[in-house]
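Peer 1: need the 3D shape of this:
(4 chains)
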Number of protein chains: 2
Amino acid sequence: MATRGRPGPRRTLTEDELLDAALQLLDEGGQASIRGIAAKVGVAPNAVYTYFPDKSAVIAALIERLLGDADTGGFADESRPWRERIEALALDLRANLVAHPGAGALLMSGPMDGPRTTALNERLLGLLIDAGLDPADAARSTYLLIVYVLGSIALEVADETDPGPLPPEDARVARRRATYDQIPAEVFPRSAAAGPTMARFITTEQYLWGLRRILDGIKG
Amino acid sequence: MATRGRPGPRRTLTEDELLDAALQLLDEGGQASIRGIAAKVGVAPNAVYTYFPDKSAVIAALIERLLGDADTGGFADESRPWRERIEALALDLRANLVAHPGAGALLMSGPMDGPRTTALNERLLGLLIDAGLDPADAARSTYLLIVYVLGSIALEVADETDPGPLPPEDARVARRRATYDQIPAEVFPRSAAAGPTMARFITTEQYLWGLRRILDGIKG
DNA sequence: AAATAAATTGTACGGTGTACAGAGATAGTG
DNA sequence: CACTATCTCTGTACACCGTACAATTTATTT
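Peer 2: Residues are numbered from 1 along each chain as shown, chains lettered A, B, ... in the order given. The predicted structure is shown next:
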């Protein structure tokens, strides 16, 4: 019960500095590891545990940070039509996340229950209710929108990790790999005809197109 | 150039046995690690590299296996209306993936370009074109559907990993954790009123509801 | 100045992916 | 048959990871 509040000591680091380092690692194609973060701020690995209880807490904080503040950007402008506001939010999120390779994988790797995520949910929900949807549909629509936005970004951004200079590689490993790469590779005429669809990167147009179809389906 | 084809030796293991072991690990709440797989089949860790060039190949193969064969199930019955067929496919995939905790995270952790995934894309695409959509819209719709199905499953299934018996834990770590858990926790009245939306688990009804909104938006 | 609390380090353990070299088994060839 | 090429699998090793525990340093309150 910490009977008498007897305060404390030096504090040179901050959570934010650690998250900065983590982001920097991600941007360099790295791994956002505890040890990496510690090394980047010039401290022993375990020092990180003073600020975060474990790695998952770091990841959660990082995600919150990447999600940014839902109240900024075009979404905040309440005078605009609700569809425009949602599109603005979706584009903002996309911009935030796509800027950091590896962020997508991070996103889907844990539960989505941080305060920012909850705030995002809340904002979207209010918007949809104000737009005239009944509350139950609005709630389900919110979920749908979040799945689309985060899911497509995650899919898009997944595994963009730089394979690096591809150092020598054991000759036998190379042989194995060559064998493995010869997957049956059937022909898929329709896919070929329609153009790239499962591409790792989609255009902003395609992203928005999907979002609008969802909005159509919701509002219909 | 393997001038003269001089064939080979014993082969007691198979890729499938290794994938079986990996799935078993996942089902036990484990990690589908190379070493775990090797241990499960009773072999040295590196023996796995005879069959897969690296871990990502194992994961890719595992995903292909989890996705199953798109030609089976309700989707294959061409006499049914196209919306029903898509719903059947979505439910099949969900059943396959939700059965294995950890599968969702796996899904989003890499590019989606395996043969099964491509086949799935192809099938959906053909279906939508036959339903009367123009090819470009059909392609984008396919992407939209795949993002929704895989994304919602990934979100749902993410981090269901059993936290285990939670062994003693350092007293100071516990203190830190307690501090960290006191996140500002504002009140979100609308979310509370509308019921759970960001829940880690959604009902099949909610899943289908979202799918149908997307189909509405596509076909509108 | 003394006591106390927090930040940080040193060290260590068990886990991971995987490179490399060698051992053993299997097959086709002479 | 023996020979030899080819493949599977093991032993060992390295670098990396998360993190527990104890000891040390530093700042602050008393």
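Peer 1: show me what contacts the closest residue to A:Ala131 other than its chain neighbours?
Peer 2: Distances taken as Cβ to Cβ, 6 or more residues apart in numbering or on different chains put A:Trp82 closest to A:Ala131, at 4.3 Å, once the chain neighbours are dropped. For every residue, glycine as well, the C-beta is placed using N, CA and C. Shown in contact with A:Trp82 (Cβ atoms under 8 Å, 6 or more residues apart in numbering or on different chains): A:127-128, A:130-131.
Peer 1: where does pLDDT dip in chain A?
Peer 2: Flagging of chain A using pLDDT under 70 yields the residue ranges A:1-9, A:70, A:157-201.
Peer 1: about what we covered before: okay, the contacts of A:Trp82 in CSV with neighbour count next?
Peer 2: What follows is the contacts of A:Trp82, written out as CSV (neighbours: other Cβ atoms under 10 Å in any protein chain shown):
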residue, neighbour count
A:Leu127, 22
A:Leu128, 26
A:Asp130, 12
A:Ala131, 17
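Peer 1: now do stretch A:203-216: everything it contacts.
Peer 2: A:83, A:86-87, A:90-91, A:94, A:144-145, A:148-149, A:152, B:140-141, B:143-144, B:147, B:213-214, B:216-218, B:220.
Peer 1: okay, it in PDB with CA atoms only?
Peer 2: The C-alpha coordinates for stretch A:203-216 follow below in PDB (Å, rounded to 0.1, in the frame of the first residue of the first chain):
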ATOM      1  CA  THR A 203      -3.700   1.800 -55.400                       C
ATOM      2  CA  THR A 204      -5.400   4.500 -53.400                       C
ATOM      3  CA  GLU A 205      -8.200   4.400 -55.900                       C
ATOM      4  CA  GLN A 206      -8.800   0.700 -55.300                       C
ATOM      5  CA  TYR A 207      -8.700   1.300 -51.600                       C
ATOM      6  CA  LEU A 208     -11.200   4.000 -51.800                       C
ATOM      7  CA  TRP A 209     -13.400   2.100 -54.200                       C
ATOM      8  CA  GLY A 210     -13.700  -0.700 -51.700                       C
ATOM      9  CA  LEU A 211     -14.400   1.700 -48.900                       C
ATOM     10  CA  ARG A 212     -17.200   3.300 -51.000                       C
ATOM     11  CA  ARG A 213     -18.800  -0.100 -51.800                       C
ATOM     12  CA  ILE A 214     -18.900  -0.700 -48.100                       C
ATOM     13  CA  LEU A 215     -20.500   2.600 -47.400                       C
ATOM     14  CA  ASP A 216     -23.000   1.900 -50.100                       C
END
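Peer 1: ok, the residue nearest to A:Tyr51 when sequence neighbours are not counted - contacts?
Peer 2: Excluding the flanking residues, the one nearest A:Tyr51 by Cβ to Cβ, 6+ apart is A:Glu15, at 5.1 Å. Taking Cβ under 8 Å, 6+ apart, we find A:Glu15 in contact with A:51-52, A:61.
Peer 1: list just the nearest of the residues you listed to chain B.
Peer 2: A:Phe52 (6.8 Å; Cβ to the nearest Cβ).
Peer 1: tally of neighbours for that closest one?
Peer 2: 22 (other Cβ atoms under 10 Å in any protein chain shown).
Peer 1: which secondary structure state does it sit in?
Peer 2: At A:Phe52 the chain is in coil, as set by DSSP: H, G, I helix; E, B strand; the rest coil.
Peer 1: which of the contacts of A:Trp82 sit farthest apart?
Peer 2: A:Leu128 and A:Asp130 (7.3 Å; Cβ to Cβ).
Peer 1: what's the helix or strand for the residue nearest to A:Gly114 when sequence neighbours are not counted?
Peer 2: Beyond its immediate neighbours in the sequence, the residue positioned closest to A:Gly114 (Cβ to Cβ, 6+ apart) is A:Glu64, lying 4.6 Å away. Per DSSP states H and E: A:Glu64 is located in helix A:55-67.
Peer 1: returning to that earlier point: so which of the contacts of A:Trp82 are in strands?
Peer 2: Nothing among those maps onto strands, per DSSP state E.
Peer 1: so which strand or helix has the closest residue to A:Thr72 other than its chain neighbours?
Peer 2: Using Cβ to Cβ, 6+ apart and skipping the chain neighbours, the partner closest in space to A:Thr72 is A:Asp92 (7.8 Å). For A:Asp92, the host element (DSSP H and E) is helix A:82-98.
Peer 1: got a list of what the closest residue to chain B within chain A touches?
Peer 2: Among the residues of chain A, A:Gly151 lies closest to chain B, at 2.3 Å counting by Cβ to the nearest Cβ. With contact set as Cβ under 8 Å, 6+ apart, A:Gly151 has these partners: A:108, B:108, B:147-148, B:150-152, B:154-155.
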